[in-house]
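> Model the structure of this input:
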Amino acid sequence: MARLQKIRLEALDTDPGVFGSNYQREAAYSQQDWVALLENQNCAIFGLYDHEAIVGLTGVVVDRDDASNAILIASFVREPHRGKGLSRLYLSGTYCMGPPEGMCTDHRIASRGE
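This is a model prediction of the structure:
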């Protein structure tokens with residue numbers, strides 16, 4: 001949880017457009033808020049690591065309008081690790097892991113042009 005909190009707050013501070021939230025809001029989260037984020041059954045959060053150091057994160061959420069779809073959201077990679085093709089690991093990792101049992105039946109990958 002501490003790793004998620006650290007990288008997510010860093011992302012919100014340095015690249016605020018990446019998330020549908022803001023730094024001020026999430027910096028005020030309680031420990032219970034962070035736990036609830038991780039325990040949400042309609043999403044999954046994935047960390048990107050360089051050995052033991054977390055260098056990025058992404059998430060997958062169930063589409064509110066169509067529960068058979070999942071949406072890749074909030075992808076962030078720390079500046080020194082960008083431009084190395086690491087975002088592909090998000091796509092392959094989240095796709096291979098797949099959604100929890102019964103969550104989604106359709107897998108589509110879309111890009112913002114990165």
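
> List the buried residues in the lengthiest strand in the chain.
If you go by DSSP state E, the chain has its longest strand at strand 53-62. Buried residues in strand 53-62, counted by 16 or more other Cβ atoms under 10 Å: 54-62. Where you see a C-beta, it was placed from the backbone N, CA and C, and this is true even at glycine.

> Determine which two of the residues you listed are furthest apart.
Farthest pair in those (Cβ to Cβ) is Val55 and Val62. Separation: 26.4 Å.

> show me where the chain has helices.
Per DSSP state H, the chain carries helices over the ranges 2-14, 23-27, 31-39, 87-97.

> could you dump these to JSON lines with distance to Tyr49, mean pLDDT and mean neighbour count?
Formatted as JSON lines, the helices of the chain follow (distance: least, Cβ to Cβ, whole Å; pLDDT from 0 to 100; neighbours: other Cβ atoms under 10 Å):
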{"stretch": "helix 2-14", "distance to Tyr49": "9", "mean pLDDT": "92", "mean neighbour count": "16"}
{"stretch": "helix 23-27", "distance to Tyr49": "21", "mean pLDDT": "95", "mean neighbour count": "13"}
{"stretch": "helix 31-39", "distance to Tyr49": "17", "mean pLDDT": "92", "mean neighbour count": "12"}
{"stretch": "helix 87-97", "distance to Tyr49": "10", "mean pLDDT": "61", "mean neighbour count": "14"}
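
> could these be laid out in TSV, adding distance to Leu48?
As requested, the helices of the chain are exported to TSV (distance: least, Cβ to Cβ, whole Å):
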stretch	distance to Leu48
helix 2-14	9
helix 23-27	19
helix 31-39	16
helix 87-97	6
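
> residues touching Leu4, list them.
By Cβ atoms under 8 Å, 6 or more residues apart in numbering, the contact set of Leu4 is 34, 37-38, 45, 47, 57.

> same thing but 10 Å
Listed by Cβ atoms under 10 Å, 6 or more residues apart in numbering, the contact partners of Leu4 are 34, 37-38, 45, 47, 54, 57.

> If anything else comes up later, I'll come back, but that's it for now.
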